[in-house]
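1. Please work out how this folds:
(2 chains)
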Amino acid sequence: MHHPTRRAAALALVLSLPLLGACSDDGEGATAPAASASAHAEGEHSESPSPGSTTSGSAAPSSPVPSSAAPESTASAAAPAPAETRTVTATEGEMYIELSEDSFSPGSYTLEVVNEGNATHDLVVERDGADVAATETIAPGASATLTVTLEEGEYVFYCSIANHRAMGMATTVVVGA
Amino acid sequence: MSGRTATRSSRTGVAIALLRLAGAVLLVAIAVIHGYLWQQGYSGIDVIGPAFLVQSVLGVGGALLLLGVPPRLVPWAATLGALFAAGSLAALVVSTTVGLFGFVETTAATLWWESFWVEAAAVVVLVALVVLTTRRTGR
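-> Numbering: from 1, shown residues only, chains lettered A, B, ... in the order given. A predicted model of the protein is given here:
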């Protein structure tokens, strides 16, 4: 008597399994292409990233993590126009930060931060003395990704570890129109 | 015979006094270095920051202890100071090689080499003080 109902329920369950699988695939997709697992491991020891930025151990531009905290001012998750997001590599070492780009225009950027040094570093984006985005701490040899929207004006990219900024790990970025 | 023994005892006394003073100065130097680094930005590092502050306090405390205790307790004060300096040196080396509490230091960091030599010297001086004072009290 109840068999048709059970069959229908079983059929619905079977049909829903591929959907569940697809959802879980997407979830893994955000972390699976990690370039360096050590970046994730190192990130466990660090503070949460600043509001308004997206940071991860590897680039995952197709699936930005929604940030629950509203951005303080200029930085925001790159949700609206992922196609316009430009990628800039920031190479860090003792005691320097080198950017792959010289000129910046307003827009969304994915900063791929590579720690080529022997010490722990991070990358913080500062504007008018306030931090607007930051990576987790990055272990030697590891990398992290930071998505930030830059508006016209002057920024400072620096390392906030110990006194690394004072030792030269800071670079001024002028975003022109 | 007794004159020679008195001279040797007097020299040992001078050596112990100098080692106590040198040990205290080196412990204060460890304290000053870590206090300075804490002020310069190390305060923001998890575990390491508070540890630097603790080292500053312990360094000054160890120096006062070493200078203030009566002679019979100098071996114990020197032992504590030596352990403190050795621990600081070990932490410095470990943090620079494999990392400590998720933080990896570099020899290019401010006062790294100064820290290394001051802590190594403190270990040597304080161990020498332990040996000398222990021999003396053992006679």
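
2. Start from the N-terminal end of chain A and give the strands.
-> A:54-56, A:86-93, A:96-99, A:107-115, A:124-127, A:130-134, A:143-150, A:153-158, A:170-175 (DSSP state E).

3. Would you mind finding the most buried of these?
-> Ranked by mean neighbour count, these are led by strand A:143-150 with a mean of 26 (mean count of other C-beta atoms under 10 Å in any protein chain shown). Where C-beta positions appear, they are placed from N, C-alpha and C, glycine not excepted.

4. returning to that earlier point: same list (the strands of chain A) but as JSON lines, adding distance to residue B:36 and mean pLDDT.
-> Output for these, formatted as JSON lines (distance: least, C-beta to C-beta, whole Å; pLDDT from 0 to 100):
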{"stretch": "strand A:54-56", "distance to residue B:36": "31", "mean pLDDT": "54"}
{"stretch": "strand A:86-93", "distance to residue B:36": "24", "mean pLDDT": "97"}
{"stretch": "strand A:96-99", "distance to residue B:36": "23", "mean pLDDT": "97"}
{"stretch": "strand A:107-115", "distance to residue B:36": "26", "mean pLDDT": "97"}
{"stretch": "strand A:124-127", "distance to residue B:36": "23", "mean pLDDT": "97"}
{"stretch": "strand A:130-134", "distance to residue B:36": "24", "mean pLDDT": "96"}
{"stretch": "strand A:143-150", "distance to residue B:36": "30", "mean pLDDT": "96"}
{"stretch": "strand A:153-158", "distance to residue B:36": "21", "mean pLDDT": "96"}
{"stretch": "strand A:170-175", "distance to residue B:36": "21", "mean pLDDT": "96"}
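
5. can you redo those strands as a markdown table with distance to residue B:6?
-> A markdown table is the format used below for those (distance: least, C-beta to C-beta, whole Å):
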| stretch | distance to residue B:6 |
| --- | --- |
| strand A:54-56 | 72 |
| strand A:86-93 | 62 |
| strand A:96-99 | 63 |
| strand A:107-115 | 63 |
| strand A:124-127 | 66 |
| strand A:130-134 | 68 |
| strand A:143-150 | 69 |
| strand A:153-158 | 65 |
| strand A:170-175 | 64 |
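
6. Tell me where chain B is predicted with low confidence.
-> For chain B, the stretches with pLDDT under 70 are B:1-2, B:138-139.

7. same thing with chain A?
-> Looking along chain A with the criterion set at pLDDT under 70, you get A:1-83.

8. quick one: the helices in it?
-> Per DSSP state H, chain A carries helices over the ranges A:3-29, A:37-43.

9. Chain B now?
-> Counting by DSSP H, the helices of chain B are B:2-39, B:48-68, B:74-97, B:112-138.

10. Which of the ones you listed sits closest to residue A:168?
-> Of all the helices of chain B, helix B:112-138 sits nearest to residue A:168, with 15.5 Å by C-beta to C-beta.

11. quick one: residue B:92 and residue B:106 touch, right?
-> No - look at residue B:92 against residue B:106 with C-beta atoms under 8 Å: they stay out of range, at 11.4 Å.
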